[in-house]
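Asker: Can you look at this prediction? I've put the sequence above it.
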Amino acid sequence: MRIEVLCTGDELLTGVVPDTNSPWFMARLLRLGERVSRTTVVGDDRAAIRDALGEIAERADVVLVSGGLGPTADDVTAEAAAEAAGVALVEDVATVARLRERYARRQLPLSPNVLRQARVPAGAEVGANDVGAAPFFALTLGRCRALFVPGVPAEYRHLVETQVLPRIERWRAPGSGAFSFRILKTIGLPEARLDEQVAPLSGRHPGVTFGFRVVPPESHLELLARGTTPEDAAAKLAAAEKDARAVLGECVFGADEDTLAHVVVSMLGARGETLTVAESCTGGLVAAALTDVAGASQVFPGGAITYGAALKTAFADVPAELIAAKGEVSAEVARSMAEGIRARTGTTWAIAVTGYAGPGGGDPREPVGAVHLAVAGPTGMWHERHHFIGDRERVRRFATGAALDLLRRRLHEREGER
């Protein structure tokens, strides 16, 4: 089955909003044993959307179209779809009723432009949107089945799960094979080095495609196995994953939707341990990553942004004379920050970060990009010095990842000691 994606919206073409919907759909689709053949992006232009639909309908069996179904004047996807099908727009009675009930419940006025969302191409199959306003609708364009959903991520994902994927699963030809997919996430391993390390494995796993993606500061290994049945594909994937993990070792911190912070929080939670942080150049990014994880409050009571020398002393008990002697960006100060914040808060572990993110600052001994990390824990102190190349944002992002990974490796070592 040839499946394509058509995304609409000026915000996607200009880069103001990234397309997070399509990768999510592609990952879900692989679980059904299908792949997206091509993705097309067009702006909020009725003729462009109409023409794109016509071109895709000539080569695809299914197209998922997202965006442009809202109430504003630039939401023209339904009109373009009707033109592509050569039919009129009609008002869907059930959608009108849902919109009236939705706005009455919220005590909001139902303006005429809101009702634009109930207009669909004549003959389209319409499905309710339980988390938003604009409905799902399906339309046949020649031999191609076109499925339309809003671009708002929450609505998109709900309708893909409830309306789109079940249809694709029904339409799949018997015996068309199956895919199994896994992303192994690494940190501290450049993409070229990752490729070099796993290159010998591809010959041993001919049924598996090895792909690579960089999501700084991480490098991801994508394993796509194809088999005659779901069980066959899963077995091929498991064998390739086992070999890849053996080669990559502790550089692999997680898989699929894992984040580094989620892994650290999970490891601490499983051990009943706690963590605090003292951050200078990262300015709270480590704490932000941790608190992005649901349930992090069980292991992370908080931390301190000790950006200036005075607060390194006030909040993390770093001796002022140590800062004067060694400088704020130094191994000695990083260690003292970790020790001080851990003692102040009584947590099991503490992370400290201090460095020069740029563009100013630095000196011949510690240039811009130099970052000192320290982790203090129940069995000792660990320190690392890094020199990250790039702009301020990149240095801070890499420092955050390196700090969390330093703790992850220490936790992993302790697990091995048990």
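Answerer: Arrived safely.
Asker: Can you get me the centre-to-centre distance for the helix or strand hosting L221 and its chain?
Answerer: According to DSSP states H and E, L221 maps onto strand 218-227. Taking Cα atoms, centre = their mean, to the nearest Å, the mean C-alpha location of strand 218-227 is offset from the chain mean by 16 Å.
Asker: now for that strand, which elements pack on it?
Answerer: Judged by 3 or more Cβ pairs under 8 Å, 6 or more residues apart in numbering; DSSP states H and E, the packing partners of strand 218-227 are strand 178-187, helix 191-198, strand 208-215, helix 230-248. Bear in mind the C-beta positions are built from the backbone N, C-alpha and C, glycine included.
Asker: The last one: which residues count as buried?
Answerer: Okay, so that is helix 230-248. Within helix 230-248, the residues that qualify as buried are D232, A233, A234, K236, L237, A239, A240, E241, D243, A244, V247, L248, counting by 16 or more other Cβ atoms under 10 Å.
Asker: before we move on, what about stretch 165-183?
Answerer: Applying 16+ other Cβ under 10 Å to stretch 165-183 flags L165, I168, A178, F179, S180, F181, R182, I183 as buried.
Asker: Tell me the one of the residues you listed nearest A402?
Answerer: Nearest to A402 among the buried residues of stretch 165-183, counting by Cβ to Cβ, is I183 at 20.7 Å.
Asker: Spit out the contact partners of the closest one.
Answerer: R213, H220, L221, E222, L223, A255, D256 (Cβ atoms under 8 Å, 6 or more residues apart in numbering).
Asker: I'd assumed F212 was in contact with the second one.
Answerer: When you say that, I think you mean H220. Yes. Between H220 and F212 there is a contact under Cβ atoms under 8 Å: 7.0 Å.
Asker: quick one, which of the two is more surrounded?
Answerer: H220 (17 against 13; other Cβ atoms under 10 Å).
Asker: For the more buried one, give me its contacts.
Answerer: Residues in contact with H220 (Cβ under 8 Å, 6+ apart) are I183, L184, K185, T186, F212, R213, V214.
Asker: distance of the residue nearest to it when sequence neighbours are not counted from R167?
Answerer: Excluding the flanking residues, the one nearest H220 by Cβ to Cβ, 6 or more residues apart in numbering is R213, at 4.5 Å. With distances taken as Cβ to Cβ, to the nearest Å, R213 is found 29 Å from R167.
Asker: between the longest helix along the chain and strand 178-187, what angle do the directions make?
Answerer: In the chain, with assignment by DSSP state H, the single longest helix is helix 392-417. Helix 392-417 and strand 178-187 are oriented at 100 degrees to each other (axes from the mean of the first three to the mean of the last three Cα atoms, to 10 degrees).
Asker: and helix 392-417, how far from the chain's centre?
Answerer: 19 Å.
Asker: Packing partners of it?
Answerer: strand 178-187, helix 260-271, helix 285-291, strand 349-355, strand 370-377, strand 380-387.
Asker: about what we covered before: ok, the contacts of I183 vs L311, which is closest?
Answerer: H220 (36.8 Å).
Asker: Show me the beta-bridge partners of that closest one.
Answerer: K185, R213 (DSSP bridges).
Asker: what are the phi and psi angles of P150?
Answerer: Dihedral pair for P150: phi -60, psi 160, per degrees, to the nearest 10.
Asker: Now do it: how many residues are near it, please.
Answerer: There are 26 residues near P150, going by other Cβ under 10 Å.
Asker: tell me the contacts of it?
Answerer: Applying Cβ under 8 Å, 6+ apart, one finds that P150 lies in contact with S66, G67, L69, G70, N129, G132, A134, Y156, L159.
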